[in-house]
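Here is a sequence together with a model predicted from it:
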Amino acid sequence: MAKFKGAIVVDTEKCKGCGICVAACPTGVIDLARDVNGKGYHYAYMANPDACIGCSSCGLVCPDTVITVYRVKAS
């Protein structure tokens with residue numbers, strides 16, 4: 001079975017920091033940043049990028065659809 005490496009890109013200016021993606025991530029990759037965006041929200045970011053498996057759970061539960069998930073086959 002092929003192994004996959006994942007990565008997410010968060011539109012930090014549109015993220016409202018609700019934290020649903022943090023709870024949905026099975027590998028604990030996502031956390032809320034200490035910094036805030038232009039609207040004053042703590043946005044989501046990849047706190048542990050090496051653990052991302054590209055499962056898309058975060059993107060599916062995001063109410064604002066600000067998360068894009070990428071998967072690449074690990075060599």
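All right, it came through fine.

make it CA atoms for all contacts and neighbour counts henceforth
Fine.

Let me see the contact set for the residue lying closest to I53 once chain neighbours are set aside.
Nearest non-adjacent residue to I53, counting by Cα to Cα, 6 or more residues apart in numbering: G6, 4.6 Å away. Applying Cα atoms under 8 Å, 6 or more residues apart in numbering, we find G6 in contact with 52-55, 69-72.

ditto for D11
Counted by Cα under 8 Å, 6+ apart, D11 has contacts 66-67.

cool, and R34?
Applying Cα under 8 Å, 6+ apart, the residues contacting R34 are H42.

Just the buried residues of the regular element (helix or strand) spanning it, please?
Element membership for R34, per DSSP states H and E: strand 30-36. Using 16 or more other Cα atoms under 10 Å as the test for burial, strand 30-36 gives 30-33, 36.

Strand partners (parallel or antiparallel) of it?
Counting by DSSP bridges, the strands paired with strand 30-36 are strand 42-46 (antiparallel).

now what about the partner strand, what contacts it?
With Cα under 8 Å, 6+ apart as the test, strand 42-46 has contacts from 8-10, 12-13, 15-17, 19, 21-22, 29-37.

any idea how far V69 is from K39?
Distance check for V69 against K39: by Cα to Cα, to the nearest Å, it reads 24 Å.

So between the two, which is more surrounded?
More neighbours surround V69 than the other of V69 and K39, with 18 against 12 (other Cα atoms under 10 Å).

Relative to the whole chain's centre, how far out is the helix or strand harbouring that one?
Assigned by DSSP H and E, V69 belongs to strand 67-73. Centroid displacement of strand 67-73 relative to its chain, using Cα atoms, centre = their mean, to the nearest Å, is 10 Å.

CA atoms only: put that strand into PDB for me.
The C-alpha trace of strand 67-73 is given here as PDB (Å, rounded to 0.1, in the frame of the first residue of the first chain):
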ATOM      1  CA  ILE A  67      -8.600  24.900   3.900                       C
ATOM      2  CA  THR A  68      -7.100  23.200   0.900                       C
ATOM      3  CA  VAL A  69      -5.600  19.800   1.300                       C
ATOM      4  CA  TYR A  70      -2.800  18.300  -0.800                       C
ATOM      5  CA  ARG A  71      -1.600  14.700  -1.000                       C
ATOM      6  CA  VAL A  72       1.500  13.400  -2.600                       C
ATOM      7  CA  LYS A  73       2.800   9.900  -2.700                       C
END
